[in-house]
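Asker: what follows is a predicted structure for the sequence shown.
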Amino acid sequence: MASQRVANSMLVLRIIALAASVATIALVVTNNVKFESLNDFEWKFQDIMAFRYVLAAAAISAAYGLIQLPFAVYYAVKQKRLIRNGCLSDFDFIGDKVISLVLASAVGAGIGVSYEIKKSLEDTFKSEGIPKSDPIRSTANKFLDRGIIASSVLALACLCMAIVSLISSIHRSRSRGGLFN
């Protein structure tokens with residue numbers, strides 16, 4: 001049986017991961033800009049595949065967090081599993097690892113693609129002689145910066161889920177009498 005502090009910390013980490021995932025969803029979905037000087041051309045998050053992947057990963061993480069939350073609350077309060085046949089610890093063990101890996105890949109995709117597009121646009125703006133004060137340049141930077149911010153918030157969820165994954169691995173190996181038993 002895990003100590004009260006470990007159970008409480010796992011609950012807090014799951015709540016933080018859920019909150020960060022929901023915040024990421026809100027940031028990504030509202031990431032739309034309009035270029036008024038380009039005949040009201042609109043750039044939406046759906047236009048960049050990596051942002052769609054960040055949104056999907058955040059939604060999967062939030063759904064997993066919502067599924068896990070009642071079990072984590074029960075475990076933190078009662079110090080017992082709600083389902084005691086070992087299935088829940090296996091689900092935690094596998095689910096926590098899968099979610100943390102999905103989140104890590106989404107963070108990498110979101111930040112990486114945002115920086116690459118930003119760098120490419122900056123090179124284009126410089127070669128065309130467009131000043132830094134140009135509204136098109138600042139609007140494009142705003143859109144890409146918001147993608148970086150959303151991915152960075154998702155990195156917090158990733159970190160929390162990685163720690164939860166580590167704790168659930170340790171707990172699972174101890175409850176089964178060793179790593180290879």
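Answerer: Sure thing, it's come through. Numbering: from 1, shown residues only.
Asker: all the helices of this protein, residue numbers only.
Answerer: With DSSP state H as the definition, the chain shows helices at residue ranges 4-29, 49-78, 87-128, 135-175.
Asker: nearest to Phe35, out of the ones you listed?
Answerer: Nearest of the helices of the chain to Phe35, taken as Cβ to Cβ: helix 135-175 at 5.7 Å. (C-beta placed from N, C-alpha, C; glycine too.)
Asker: now do the closest one: which elements does it pack against?
Answerer: helix 4-29, strand 32-35, helix 49-78, helix 87-128 (3 or more Cβ pairs under 8 Å, 6 or more residues apart in numbering; DSSP states H and E).
Asker: elements contacting the longest one?
Answerer: For helix 87-128, the contact count by 3+ Cβ pairs under 8 Å, 6+ apart identifies helix 49-78, helix 135-175 as packing neighbours.
Asker: check contacts around the residue nearest to Tyr64 when sequence neighbours are not counted.
Answerer: If the residues on either side of it in the chain are set aside, Tyr64 comes closest to Ile99, at 5.2 Å by Cβ to Cβ, 6 or more residues apart in numbering. For Ile99, the contacting residues are Ile60, Ser61, Tyr64, Met161, Ser165, by Cβ atoms under 8 Å, 6 or more residues apart in numbering.
Asker: hmm, Glu95 is touching Tyr64, no?
Answerer: You called it Glu, but residue 95 is Gly. Yes. Contact status for Gly95 versus Tyr64: in contact at 6.2 Å, counting by Cβ atoms under 8 Å.
Asker: what touches both of the two?
Answerer: Overlap between the neighbourhoods of Gly95 and Tyr64 is empty, taking contacts as Cβ under 8 Å, 6+ apart.
Asker: so which of the two has more stuff around it?
Answerer: Tyr64 (21 against 18; other Cβ atoms under 10 Å).
Asker: out of the helices and strands packed on helix 87-128, nearest to Lys34?
Answerer: Closest among the helices and strands packed on helix 87-128, once you apply Cβ to Cβ, is helix 135-175, at 7.7 Å.
Asker: and that closest one, how far out from the chain's middle?
Answerer: For helix 135-175, the gap between its own C-alpha mean and the chain's C-alpha mean amounts to 4 Å (Cα atoms, centre = their mean, to the nearest Å).
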